[in-house]
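>>> Here's a sequence, model it:
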Amino acid sequence: KDLLESGLGEFVTEPPPPLFRAAMGRTFERPHGRWSPFIRGDLRPADDPVARPSVYLYPRPGDLTVPRWLWEAEAVRYGIRGEALADAYRRAAVESPPYLRTMPREAFQSAWGLYATAEVFRAGELREVDRGFGWRVQELCAFAALIVDIGMHDRGWSYRQAIDAFLEMTPVPEVAAEEVILRSIAEPARDASSALALLRIRRQRRTIEDLLGDEFRPEEFHRALLTGGPVPMSEVNGRIESWLAKRAIDSRR
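Numbering: from 1, shown residues only. Down below sits the predicted model:
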């Protein structure tokens, strides 16, 4: 937790306090389709009935669905700087309509988790002994999930073909690939949305970097992107445009 909290003020300006809970867990305690050791939990603090803080589930020894090299990257993805931070902004958005504060926006939240992990790694704060193998596999799995989703639901791939393709593209165990494929069968496009939303966030950042040049500050961009909590990806452009307009007005004062 200390690693996840360190440097949060440099990562995003004036962040609301994120919630983070830790608990021991076993394989069967993870919801169906979740092969990650870090999941969003259903803990509901008494002072916030709609809060869903991240829950750290430490896998039992010998759990082949959770590669050891992925643990730290997943801690960031779902923890203080990742989805827990997005959830903190959701809880802080007291002026947002109730449906925005209570409904999950999985494309935004999962893409932010992937984006945040990459940013933490580039800042040199991810202490993986394998030099970032874990976070690279995170993104690889997101895009592999996109490919197999299209393969099954548009190209007619069989269950076995989808598993074989996922295993060919990623280094994860077969049991993990099976859960990704089953989730894609049950909820088409759910996993595919993570990769697409991640590309959109990064394209948005490149656009702002080109526009602001030397005045670009990543922590300000992060706050602008997150303020108000997770939203449908179709509303992200409008959120950033509003931030730019307000920024321009403030600079003229």
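
>>> now the residue positioned nearest the centre of the chain: how far from residue 241?
By C-alpha atoms, centre = their mean, the chain has its centre lying nearest to residue 113, at 2.1 Å. The gap separating residue 113 from residue 241 is 24 Å, by C-beta to C-beta, to the nearest Å. Glycine gets a C-beta too; all of them are placed from N, C-alpha and C.

>>> Which of the helices and strands in the protein ranks last by mean pLDDT?
strand 38-40 (a mean of 41; mean pLDDT, DSSP states H and E).

>>> before we move on, back to that, so what's the residue nearest to the centre of the chain up against?
77, 78, 82, 83, 86 (C-beta atoms under 8 Å, 6 or more residues apart in numbering).

>>> In contact with the first one, which residues?
This points to residue 77. 38, 83, 113, 114, 116, 117, 135, 138.

>>> Equivalent analysis for the third one, please.
Going by C-beta under 8 Å, 6+ apart, residue 82 touches 54, 76, 112, 113, 116, 117.

>>> 6 Å instead?
Listed by C-beta atoms under 6 Å, 6 or more residues apart in numbering, the contact set of residue 82 reads 76, 113, 116.

>>> got those residues as JSON lines, with distance to residue 123 columns?
Listed next are the contacts of residue 82 as JSON lines, based on distance: C-beta to C-beta, whole Å:
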{"residue": "76", "distance to residue 123": "11"}
{"residue": "113", "distance to residue 123": "16"}
{"residue": "116", "distance to residue 123": "11"}
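
>>> In helices, which of the residues you listed appear?
76, 113, 116 (DSSP state H).

>>> ok, the last one - how many residues close by?
Here the count is done by other C-beta atoms under 10 Å, and residue 116 has 27 residues near it.

>>> Over to the first one?
Residue 76 has 28 neighbouring residues, counting by other C-beta under 10 Å.

>>> going forward can the numbers begin at 42, since that is how I track them
All right, first residue 42 from here; so that's residue 117.

>>> Test my guess that it contacts residue 160.
No - contact criterion C-beta atoms under 6 Å: residue 117 and residue 160 do not qualify, at 9.2 Å.

>>> circling back to that earlier point, pull the most distant pair out of the contacts of residue 118.
Using C-beta to C-beta, the two most remote members of these are 124 and 176, lying 14.4 Å apart.

>>> In terms of neighbours, single out the busier of the two.
It is residue 124, of residue 124 and residue 176, that has more neighbours when counted by other C-beta under 10 Å, with 29 against 24.

>>> That one is in contact with residue 149, isn't it?
No - using C-beta under 6 Å, residue 124 is not in contact with residue 149; the gap is 9.7 Å.
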